[in-house]
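requesting a structural model of the entry that follows:
(one chain, ligands or ions: 1)
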Amino acid sequence: MLHLLVEKPDKLSQFVEHLQDSATLIGPCFNCGNLAEGESCSICLDETREVESICVIERVPDLFAIERSSAYRGLYHVLQGKLSPLRGIGPEQLNFSTLDKRLKEGGVKEVILALGNDLESEATCHYIQEEIVGGQNIKVSRIGFGLPSGGGVTFADEMTLKSAIESRRALDL
Ligand SMILES: [Zn+2]
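Purely as a prediction, here's the structure:
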C-alpha cells in the first residue's frame, strides 16, 4: 500500500477499485461463517477435509491462525463473537443455529472448542456443550490450555496452537 502511494500513485485508484470489488463479492459462508466468495467457503468446498470434526472459533482470524499451524484438517464453525451478558450478546446474536443444524444433519463425531481462556469463552463453551451438543453422541473437546490468557487463538504462535490442538481435552457430558 505504502509502496503504491510512493512509487506508483497512478496505480492507486485501480487498487482501490479492486478492493471495493472484493469487498462486495466476499460474504460469510452459509455453512460455517468463514469468508466466502459465493455461498460456500473454500474449506467447506474442499473434499479432502475431515468432515467428522468441527472446530468452533470466535472469529475468522482464529481460523487463519489455526490453518497456519497445519495441525487441523477438519471443518470450522465461526460464531462471530462470544456470549457476553455485560455487552448484551446472547445466543441469538451468535451463529449457533447453523451449528445446531450442522450437528443434527449427522456425520460429526467431534466438536473442538477453540475459544479463549476468559470467562465469556468459558460461558460460550458451556452453552455449546449443554444446549447445542447436549444429548447427541458427539465428543466435545476444548483447546486453549497453554494459550496466552487474553490473547486467545488469533495471537498464539503456530507451535503453541499446534500443541494446544494436539493436547485438547475431552469435556465430560
Ligand atoms: Zn464454510
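
quickly note the distance from L25 to H18.
Distance of L25 to H18, given as CB to CB, to the nearest Å: 11 Å. Every residue, glycine included, has its C-beta placed from N, CA and C.

same question for V111.
In terms of CB to CB, V111 sits 38 Å off from H18.

likewise for I143?
Counting by CB to CB, the gap from I143 to H18 is 36 Å.

one more: G107?
Taking CB to CB, one finds G107 at 39 Å from H18.

which elements pack onto the longest strand anywhere in the chain?
Using DSSP state E to define each element, the chain has its longest strand at strand 50-57. Judged by 3 or more CB pairs under 8 Å, 6 or more residues apart in numbering; DSSP states H and E, strand 50-57 is in contact with helix 60-69, strand 74-78, helix 96-104, strand 110-113.

among those, which is nearest the ion?
Across the helices and strands packed on strand 50-57, the ion has its closest neighbour in strand 74-78 (6.9 Å, CB to the ion).

now for the closest one, which elements pack on it?
Other elements packing on strand 74-78 under the criterion 3+ CB pairs under 8 Å, 6+ apart are helix 42-45, strand 50-57, helix 60-69, helix 96-104.

which parts of the first one are buried?
Along helix 42-45, the positions that meet the burial threshold by neighbour count (16 or more other CB atoms under 10 Å) are I43, C44.

over to stretch 118-135?
For stretch 118-135, by 16+ other CB under 10 Å, it's E120, S121, E122, T124, C125, Y127, I128, Q129, I132, V133.

where in this protein is pLDDT low?
1-2, 4, 144-151, 173 (pLDDT under 70).

the longest helix in it is where?
The single longest helix within the chain, with elements called by DSSP state H, is helix 12-25.

much appreciated, bye for now.
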